[in-house]
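Engineer: sequence and predicted structure are below.
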Amino acid sequence: MPSEPRHAPFRMPERLFAELAAGGGSAEAVAFLERAERARRLLLLRTLLDRLGTLRTPHSPAAEAWDVLKEAAAAAPGPVDRLLLAPATGGWLAHVLRRLHGTASGPPLWAEAGHLCALAVAAALRAGTRADLRVPLADGGLSLPGLGLARLTGAERGLTVARARTSGGELTLSGPGRDGGTVAVTISPATQPLPRPTPAGPDTDPAWSPLRTLTHPTPAGTVAIPLEDLDPYRDLDDPLPPARLDAGEAEAWQRLFEEAVALLAAPGGEGPGRFDPGAIRAVVPWGRTGTLPPAPPTVLVSASSGDSFGAMVIARPSCPLALAETLVHEFQHSKLAALLHLFPLLDDDREERYYAPWRPDPRHLTGLLHGAYAFTGVAGFWRDRMAVARGDGAADLAGYHFALRRLQSRLVVRTLLVEGRLTPQGRALVSGLARTLDGWLREPVPHAALTRARTAAALHRTEWRLRNVAPPSSGSDGPRFRPDRTSWPDVRTHAFAARPVAPDTADEQLAAGDAAAALARYADQLATDPAEPHALAGWIVARAVLDPGRTTRRMLARPELLQPLPSG
C-alpha cells in the first residue's frame, strides 16, 4: 500500500530475464513480474486519486474511500493487496484513466469513479474493519470486487446511490426503493468461503451472489481461481453487466478446468509451455451462460489484457486439451505485457503491414511480438504433449501442432529481428525466442505430421497474401494492400491437424498427401472463379508439392503476382 516506504527502482536479475526471454519463466520470474505489476498498479491508483480529487460526485469522495482502504490494508495487508492486484481492479483503473483522458466511453463518469468506494467496502469486509461510504448502485446491485454481487430487492432501477456500512465482515446496504422509500439488506459475504461450482449450487439468496471459483489440488493445498462472471470490469475494457452462469455451466467449467490443469501438471521443468496454473488470477467466461447448445471442441474466443495481469477471457470448449493450450497461450500474453510495462522492447509505428501466421489481417510490430511469444509457449505445450503421447494418433496430433507453431513462430521472430526496430532489451528477448525455436526446429517430428504442418503453414501464408496484398504498382515501396480485403476464416490450420481417413475435398486430399488429386480438384474450382483465394492458394501449394522448382518457389513467395490460373 502507499503507506509503505519508498522502494528502490525495480531491477530484474539477468537470469530471470533470460528465463522469460526463452519463452518460459520460473515461479520466481513470474513472482517478480507480479511485484512489478503491483508497483505499477499503485502508481496508477495514485494518479487516479489525484485526478478524482476535483470530481463532483453524489457518492463518497475518493479521499474518504482511500482512507478506508488504508485502514483495511493496515489490518489485513495480504487480502487487501490481493484485492488491489486483482485483474478486474487493473481493468477498472485503466478504463477510468482512459475516460479521464477522453479515449474511452461508458456510463456517467461519477458512477465509474465510484467503483473505488465499492473497492474500499470490499477491502473493509475482508479486513473486518469499519466503513461508512456512499456507493453507486446499478439497478440495485453493488459489485464487491473479489467477493460477489449484493442486491437491494425492490431498489430503484438505473444508477442510484446507496449507503454501505461494514463492521466485523458484515455489510448493511440501504438505498432508494421503487416506491420512494428506503430498502435495506444485511449480509455477511466475508465470512462465507468462496464456493466452487457444484450441480446443486445456483444462487438461492436474492440479496447475494457469491463469486465462484475454479479449484484444483496442489501439494501445498487447494488453489481457488475466480470464475469471474459478476465484476463489471472483468472484460478487456468497457464495463459489462453481470452475466451469471447457471449451475450446470459453472460445473462444466470446473470439470473441464480440473482436466486441463491435470495436463499442465505433467513434470517437465520451467520451459515454454509450462507454468503453474495457480498463477492464473481469473478466468472470465465468454459468450455462454448455460450448457445449451453444447460447447465446441475448440476454443472459439480467447483474449487477455495487459491491464489485467493473470486474467483470461475464454469461451468454454468441451475439450480439456483445447482449454489447457489456451491457458498457456493467454498466460504468455500476461507475461509479455508485464515485461512491456518494465522495458521498452520495440519502436512501433503501429503500422499494420506485417504477416502474422495466426491472423487473417496485417499486424503491427507489437502484435507480432505478442503472437511470437504466445505461440512459442503453445509450441512448447505441444512439444510436451508429443513427449508423453500414448499411441500413434496422439503423437501425430501433437507433432503436427508442435511443428506448425515452431515454424510459424520462427518466421515471425525473423521478421522482428530484421526490421531493426527492437530496443536492446527487445533484441535480447527476441534473440532468446530464436534460440529456443532454433533448437526445437532440429527436433524430430513424425514425418506425416511434419509434412501436413509445412503444407498448412504454406497454405495460410499463400492465402493471406492473395487476400491482403495487391500486385505492386510502379514506384511502390513495400507491400501494397488490397482496398477490398476482408476478414476470412482459417479453416485449414485445424483441418490439417489429423490425416483424413477418407479424403473427399481438395483440402482433404492435400492433407492426405495426394497432391495430384488435390491439384485437379482445385483446378476444377478455379475454372469457375480463377481468382478465388482459397482454391488458388491450394492450387499453388499443391503445384509446389508436385514440382518444387524455382517457378513454384516464386509463386509461393509472391502469389499475388499470379494472374488467373494458367492452363496445365
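Structural biologist: Looks like it arrived, so ask away.

Engineer: quick one: buried residues of stretch 389-397?
Structural biologist: With burial defined by 16 or more other Cβ atoms under 10 Å, the residues of stretch 389-397 counted as buried are 389, 395-397. (Each C-beta comes from the backbone N, C-alpha and C, glycine too.)

Engineer: then stretch 93-106?
Structural biologist: 93-97, 99-100.

Engineer: and those as JSON lines, adding secondary structure?
Structural biologist: Below are those laid out as JSON lines (DSSP: H, G, I helix; E, B strand; the rest coil):
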{"residue": "L93", "secondary structure": "helix"}
{"residue": "A94", "secondary structure": "helix"}
{"residue": "H95", "secondary structure": "helix"}
{"residue": "V96", "secondary structure": "helix"}
{"residue": "L97", "secondary structure": "helix"}
{"residue": "R99", "secondary structure": "helix"}
{"residue": "L100", "secondary structure": "helix"}
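
Engineer: out of those, who's nearest A113?
Structural biologist: Of all the buried residues of stretch 93-106, V96 has the smallest distance to A113: 6.2 Å, by Cβ to Cβ.

Engineer: per-residue pLDDT, the closest one?
Structural biologist: Reading off the confidence values, V96 has pLDDT 97.

Engineer: and for it, nearest residue in space, chain neighbours not counted?
Structural biologist: Leaving aside its sequence neighbours, V96 sits nearest to E112 (Cβ to Cβ, 6 or more residues apart in numbering; 5.3 Å).

Engineer: quick one: contacts for that neighbour?
Structural biologist: Contacts for E112 were tallied using Cβ atoms under 8 Å, 6 or more residues apart in numbering; they are 92, 95-96, 99, 106, 239.

Engineer: quick check, it in a helix?
Structural biologist: Yes: assignment of E112 by three-state DSSP places it within a helix.

Engineer: how near is it to S304?
Structural biologist: 22 Å (Cβ to Cβ, to the nearest Å).

Engineer: just A243 next, same as before
Structural biologist: On the measure of Cβ to Cβ, A243 and S304 end up 18 Å apart.

Engineer: same deal with H370?
Structural biologist: Going from H370 to S304 by Cβ to Cβ gives 10 Å.

Engineer: joint contacts of the two?
Structural biologist: Common contacts of H370 and S304 (Cβ under 8 Å, 6+ apart): 333, 337.

Engineer: can you give me the helices in the stretch 351-500 of the chain?
Structural biologist: Remark: helices assigned in the stretch 351-500 of the chain by DSSP state H, counting those that start in this stretch are 365-388, 392-418, 424-441, 447-468, 492-495.

Engineer: L342: which of those is closest?
Structural biologist: Closest to L342 of these is helix 424-441 (Cβ to Cβ; 8.5 Å).

Engineer: and the closest one, what does it pack against?
Structural biologist: Packing contacts for helix 424-441, counted by 3 or more Cβ pairs under 8 Å, 6 or more residues apart in numbering; DSSP states H and E, involve helix 14-21, helix 365-388, helix 392-418.

Engineer: swap the cut-off to 6 Å and go again
Structural biologist: helix 14-21, helix 392-418 (3 or more Cβ pairs under 6 Å, 6 or more residues apart in numbering; DSSP states H and E).

Engineer: which of those helices sits most buried?
Structural biologist: helix 392-418 (a mean of 21; mean count of other Cβ atoms under 10 Å).

Engineer: now that helix and helix 365-388, what's the angle there?
Structural biologist: Orientation check (axes from the mean of the first three to the mean of the last three Cα atoms, to 10 degrees): helix 392-418 against helix 365-388 gives 150 degrees.

Engineer: and helix 392-418, how far out from the chain middle?
Structural biologist: Centroid separation for helix 392-418 versus its chain: 20 Å, with Cα atoms, centre = their mean, to the nearest Å.

Engineer: next: stretch 225-235.
Structural biologist: 14 Å.

Engineer: that one - what's its average pLDDT?
Structural biologist: For stretch 225-235, mean pLDDT is 96.

Engineer: only alpha carbons, please: show that stretch as CSV.
Structural biologist: Coordinates of each C-alpha in stretch 225-235 appear next as CSV, following Å, rounded to 0.1, in the frame of the first residue of the first chain:
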residue,chain,number,x,y,z
ILE,A,225,-9.1,-19.2,-9.0
PRO,A,226,-12.1,-16.8,-9.6
LEU,A,227,-14.6,-17.8,-12.3
GLU,A,228,-15.5,-14.2,-12.8
ASP,A,229,-19.0,-13.6,-14.2
LEU,A,230,-20.0,-10.7,-12.0
ASP,A,231,-17.5,-7.9,-11.8
PRO,A,232,-18.3,-5.1,-14.3
TYR,A,233,-14.6,-4.7,-15.2
ARG,A,234,-13.9,-8.3,-15.9
ASP,A,235,-13.7,-7.8,-19.6
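
Engineer: residue ranges with poor pLDDT in the chain?
Structural biologist: Across the chain, the ranges flagged by pLDDT under 70 are 1-8, 190-194, 196-203, 266-269, 474-477, 563-568.

Engineer: how about a cut-off of 50?
Structural biologist: 2-5, 199-200, 566-568 (pLDDT under 50).

Engineer: can you give me the strands in it?
Structural biologist: Counting by DSSP state E, the chain has strands at residues 131-138, 141-144, 148-151, 159-167, 170-176, 182-187, 208-210, 212-218, 221-227, 282-285, 302-303, 311-314, 469-470, 480-481.

Engineer: mind putting those strands in CSV, distance to T291 and mean neighbour count included?
Structural biologist: Below are these laid out as CSV (distance: least, Cβ to Cβ, whole Å; neighbours: other Cβ atoms under 10 Å):
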stretch, distance to T291, mean neighbour count
strand 131-138, 27, 22
strand 141-144, 25, 24
strand 148-151, 22, 24
strand 159-167, 33, 20
strand 170-176, 32, 19
strand 182-187, 29, 17
strand 208-210, 19, 20
strand 212-218, 15, 19
strand 221-227, 15, 18
strand 282-285, 12, 24
strand 302-303, 20, 18
strand 311-314, 16, 24
strand 469-470, 43, 18
strand 480-481, 42, 14
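
Engineer: M555: which of those is closest?
Structural biologist: strand 469-470 (13.5 Å).

Engineer: listing partners with orientation, what would you give for that closest one?
Structural biologist: Strand 469-470 has the following sheet partners, assigned by DSSP bridges: strand 480-481 (antiparallel).

Engineer: which residue, neighbours along the chain excluded, lies closest to A434?
Structural biologist: V413 (5.0 Å).

Engineer: right, I mislabeled it, should have said V412
Structural biologist: Nearest non-adjacent residue to V412, counting by Cβ to Cβ, 6+ apart: A372, 4.4 Å away.

Engineer: same check on L561?
Structural biologist: P471 (5.7 Å).

Engineer: hmm, who's touching stretch 227-245?
Structural biologist: With Cβ atoms under 6 Å, 6 or more residues apart in numbering as the test, stretch 227-245 has contacts from 88, 91-92, 95, 106, 143, 149, 212, 214, 253, 282-285, 289, 303, 305.

Engineer: distance between the ends of that stretch?
Structural biologist: 10 Å (Cα to Cα, to the nearest Å).

Engineer: how about stretch 151-161?
Structural biologist: Chord length of stretch 151-161, first to last residue, is 13 Å (Cα to Cα).

Engineer: could you give the separation of that stretch from the chain centroid?
Structural biologist: Using Cα atoms, centre = their mean, the offset of stretch 151-161 from its chain centre is 33 Å.

Engineer: between the buried residues of stretch 389-397, which is nearest S26?
Structural biologist: So of those, ranked by how close each gets to S26 (Cβ to Cβ), first place is A389, at 25.8 Å.

Engineer: OK, contacts around the closest one?
Structural biologist: The neighbours of A389, taking Cβ under 6 Å, 6+ apart as the test, are 395, 398.
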